[in-house]
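Trainee: Sequence first, predicted coordinates after that:
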Amino acid sequence: MDKKQLHNELHKEFYLTCEKYFIFEFLTIAAGMMGLYTYNLRGGVFSNAQTGNIVKMSVAFGQGDFSEALYYLIPFAAYIVGTIVSEILPEKVRNTHFVRWDTLLVGIEIVVLFFVGFIPFTWPDQIVQVIICFLCSMQFNTFRQAEGIPMATTFVTNHVRQIGISIARIIQHHELEEEERRKAVKHARIILAFFVGGAVMTAASPYLKEHAVWLAVIPLSVCFVFMLRSDLIYERAMLDLKPHGH
């Protein structure tokens, strides 16, 4: 077995800090906050996922309100661009051998959200919508698996589906009960994390107003500290290692 094959074999059972489950939980809390921030305070748009926006766009289009329908193309386009950027940049960042793209992205989110908190309500909502949709899209596309389990950090529909799948497998295959129960609990915790983030943001929005987005910086900062420490110390020699799912 050559060095590359050995490298790949070891990676099968090893999870980077950016793949750890607690990182995904904190990212999901932040995404729940970002989604409810734009929905509650910045124009009624869901920044963390686009299904809700497409539903609203189709309703507006069906009712003949074409200007309202076109309005929802703005976050939709921002989400697409974020995906494109998060596909192109990781390789360039990896070649610097300084930090992982995953870590850099969380750092970027923290800085950008800090400045977003200073944008007054007198400015067009589309500015904040585009910024946060862009960030959520990159986060969704970057963080794909938590300790070997496919996960989404910006919406919960797939987690609901995965819980249903696990329950069905437990019913059909009793020998898989322990493993499937473990998966179901992890997906349920991600749903809970999103719920908590959204509830906290909704409760705080009337008091903090445009500054409420700073709440999302708290869970993101937790992730950033752990990930940066790993990049600079514990996983310094593994910066060329891609997270699972990429």
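Mentor: Nice, thanks for sending it over.
Trainee: need the contact list for residue 138.
Mentor: With contact set as CB atoms under 8 Å, 6 or more residues apart in numbering, residue 138 has these partners: 82, 83, 85, 86, 105. For every residue, glycine as well, the C-beta is placed using N, CA and C.
Trainee: Spatially nearest residue to it, not counting backbone neighbours?
Mentor: The spatially closest residue to residue 138, leaving aside those adjacent along the chain, is residue 86, at 4.0 Å (CB to CB, 6 or more residues apart in numbering).
Trainee: Now do the one you found, the pLDDT please.
Mentor: According to the prediction, residue 86 has pLDDT 93.
Trainee: Go ahead and confirm it touches residue 141.
Mentor: Yes: Residue 86 lies in contact with residue 141 (CB atoms under 8 Å); the separation is 4.4 Å.
Trainee: ok, residue 191 - contacts?
Mentor: Residue 191 sits next to 156, 159, 160 when contact means CB under 8 Å, 6+ apart.
Trainee: can you do 10 Å?
Mentor: With contacts taken as CB atoms under 10 Å, 6 or more residues apart in numbering, residue 191 has the following neighbours: 28, 32, 156, 157, 159, 160, 162, 163.
Trainee: for residue 132, same thing?
Mentor: 31, 34-35, 37-38, 42, 45-48, 75, 78, 82, 109, 112-113, 116, 213, 216.
Trainee: Is it part of a helix or strand, or is it coil?
Mentor: Per DSSP: H, G, I helix; E, B strand; the rest coil, the local secondary structure of residue 132 is helix.
Trainee: still on that earlier bit, include distance to residue 239, neighbour count and secondary structure when you put the contacts of residue 138 into CSV, please.
Mentor: Shown next, in CSV, are those (distance: CB to CB, whole Å; neighbours: other CB atoms under 10 Å; DSSP: H, G, I helix; E, B strand; the rest coil):
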residue, distance to residue 239, neighbour count, secondary structure
82, 23, 23, helix
83, 23, 16, helix
85, 20, 15, helix
86, 18, 19, helix
105, 15, 26, helix
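Trainee: Tabulate those (CSV), appending distance to residue 64.
Mentor: What follows is these, written out as CSV (distance: CB to CB, whole Å):
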residue, distance to residue 64
82, 31
83, 31
85, 35
86, 36
105, 40
